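Undergrad: pasting the structure only:
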């Protein structure tokens, strides 16, 4: 399975990091950093579904999504056309990302940045903060309960917020029990890679706490779907593929932002 290959590669990458990085030095450097931008607040203001626009070069199932990929230019387009925050995919082998995209995008725009990767180890949390992330994605399906709790607390201590991704009711329940207040509902089954927005609708019924910020992820590509998410009470939608593969990226960003209820040269040419 693709997910198993990704996790195996990530664990190998982490082993290499452990031999290269000094945890105490990283902690010292983090203590000197200015505060991170408030990712959660950017998603929670108002009743509209905010757009988290993702910088994504390719996918393991579809290959290259954006032929003339330029992460800085994408970031500017996202900012200028109404995105509330930006997700930066940093996994290289499977998604064509790079850790250096984080500081480069941070220098380019002022929006809060989410590091999207397969984070399994504390060193990746330190690394995320040092390279300019404001929040990190943690995937419940890849972590034990104690691991998720530890990484979430560590991220907070480093000044990072966490978006915890779930796909099933069982995952959602134990994430809620941990007191997590920013939850991503992944509409994509991590085994089959099929998407269904009904997953968001179904899990939203189980979220009763008004203080929770909910992000719907995967399979979102139209203003109609954004309106559907608004009807479900979702705070934000994370969209990557539909943006970077569009013939007119600015227009697609505006369409999704407008669909969420907010307003009114493409980077890729196919």
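TA: Arrived safely. In this text the structure is predicted, and so the values were computed from the model without any measurement. Residues are numbered from 1 along each chain as shown.

Undergrad: alpha carbons only for contacts and neighbour counts from here, please
TA: Fine.

Undergrad: Could you name the helices and strands sitting against the lengthiest helix in the chain?
TA: Longest helix in the chain by number of residues (criterion: DSSP state H): helix 2-20. Packing partners of helix 2-20 (3 or more Cα pairs under 8 Å, 6 or more residues apart in numbering; DSSP states H and E): helix 122-130.

Undergrad: Following element in sequence after the helix it packs on, please.
TA: Downstream of helix 122-130, the first helix or strand assigned by DSSP states H and E is strand 135-139.

Undergrad: Need the residues that contact the longest helix of the chain.
TA: Helix 2-20 is touched from outside by 60, 94, 118, 120, 121, 123, 124, 190, 191, with contacts defined as Cα atoms under 8 Å, 6 or more residues apart in numbering.

Undergrad: cool, stretch 74-91 as well?
TA: Contact with stretch 74-91 is made by 39, 42-43, 50-56, 95-99, 101-102, 105, 108-109, 111-118, 238, 249-250, 253-254, 257, 267, as judged by Cα under 8 Å, 6+ apart.

Undergrad: tell me how far that stretch is from the chain's mean position?
TA: 11 Å (Cα atoms, centre = their mean, to the nearest Å).

Undergrad: how long is it end to end?
TA: 17 Å (Cα to Cα, to the nearest Å).

Undergrad: What of stretch 149-165?
TA: Termini of stretch 149-165 sit 13 Å apart (Cα to Cα).

Undergrad: Could you pull out the buried residues of that stretch?
TA: By 16 or more other Cα atoms under 10 Å, the buried positions in stretch 149-165 come out as 149, 151-152, 154-155, 158-165.

Undergrad: and that stretch, average pLDDT?
TA: In this model, stretch 149-165 has a mean pLDDT of 97.

Undergrad: Over to stretch 55-70?
TA: The predicted model gives stretch 55-70 an average pLDDT of 91.

Undergrad: next one: stretch 127-135
TA: The pLDDT scores in stretch 127-135 average 98.

Undergrad: quick one, helices of the stretch 151-270 of the chain?
TA: Shown for the stretch 151-270 of the chain, the helices assigned by DSSP state H, counting those that start in this stretch span residues 169-177, 198-204, 223-232, 241-244, 249-259.

Undergrad: For residue 133, which of those helices is the nearest?
TA: When those are compared by Cα to Cα, helix 241-244 sits nearest residue 133, at 20.7 Å.

Undergrad: Go through stretch 54-66 and flag the buried ones.
TA: 54, 55, 56, 57, 58, 64, 65, 66.

Undergrad: if I look at the third one, how far off is residue 240?
TA: In this case it means residue 56. In this view, residue 56 and residue 240 are 6 Å apart by Cα to Cα.

Undergrad: Residue 216: which of the buried residues of stretch 54-66 is nearest?
TA: The shortest approach to residue 216 among the buried residues of stretch 54-66 belongs to residue 54, at 13.0 Å (Cα to Cα).

Undergrad: That closest one belongs to a strand, doesn't it?
TA: Yes - looking at residue 54 with DSSP: H, G, I helix; E, B strand; the rest coil, it is inside a strand.
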